[in-house]
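give me a model of this one.
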Amino acid sequence: MSDLRDLYQEVVLDHGRHPRNFHPMESPDRQSVGFNPLCGDKLTLYLRYRDDILEDISFQGVGCAISTASASLLTEVLKGKTRAEAETILHEFVELLTSPGEADPERLGKLAVLAGVRDFPVRVKCATLAWRTLEAALAGNAAPASTE
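Have a look, this model is predicted:
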């Protein structure tokens, strides 16, 4: 097994078992619900801004290890970023998983370990659920986000 695949498994297992920022948030500025009808993953993402900075971000819900790990990594990576930076990372991450060869994994730092998910098309929806939910929250969209 390659080093990258080992790292992928280690990160997914760690974040899946011990998700970071896994709690509801009181008085968020934005929140959005996401649902993956294919496997039943569901989460709520909470955002709090100070000026234009994502001061706090958290989530709660139920899902597979990949979905939970992706949401956990999202909260770690985006906390402290501007809205524009968050949108850029969002688009680069989704592109990494859905358009192989077009995105530069090096620019995504620790999120790059999830690039291995693209080899399993059914699991891409699990890994992108939190990101689609973030997209809806940033847009102020009240409708639940879906991977379909």
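
what comes into contact with the strand or helix carrying residue 35?
Using DSSP states H and E, the element containing residue 35 is strand 30-36. Applying Cβ atoms under 8 Å, 6 or more residues apart in numbering, the external contacts of strand 30-36 come out as 25, 41-47, 49, 61, 63, 67, 125-126, 129-130, 132-134, 136-138, 140-141, 144-147. The C-beta positions use only the backbone N, C-alpha and C, and glycine is treated the same way.

mind showing which ranges of the chain have poor pLDDT?
Low-confidence segments of the chain (pLDDT under 70): 1-5, 7, 100, 102-103.

restrict the strand or helix carrying residue 124 to CA atoms and write it as CSV.
If you go by DSSP H and E, residue 124 is part of helix 121-139. Extracted in CSV, the C-alpha atoms of helix 121-139 (Å, rounded to 0.1, in the frame of the first residue of the first chain):
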residue,chain,number,x,y,z
PRO,A,121,-17.2,7.7,-7.6
VAL,A,122,-19.9,6.7,-5.2
ARG,A,123,-17.9,8.0,-2.3
VAL,A,124,-17.2,11.4,-3.9
LYS,A,125,-20.7,12.5,-2.8
CYS,A,126,-19.8,11.5,0.8
ALA,A,127,-16.6,13.6,0.7
THR,A,128,-18.3,16.6,-0.9
LEU,A,129,-21.5,16.8,1.2
ALA,A,130,-20.0,19.2,3.8
TRP,A,131,-18.6,21.3,1.0
ARG,A,132,-21.9,21.5,-0.9
THR,A,133,-23.5,22.5,2.5
LEU,A,134,-20.8,25.2,2.9
GLU,A,135,-21.7,26.5,-0.6
ALA,A,136,-25.3,26.8,0.4
ALA,A,137,-24.5,28.5,3.7
LEU,A,138,-22.2,31.0,2.1
ALA,A,139,-24.9,31.8,-0.5
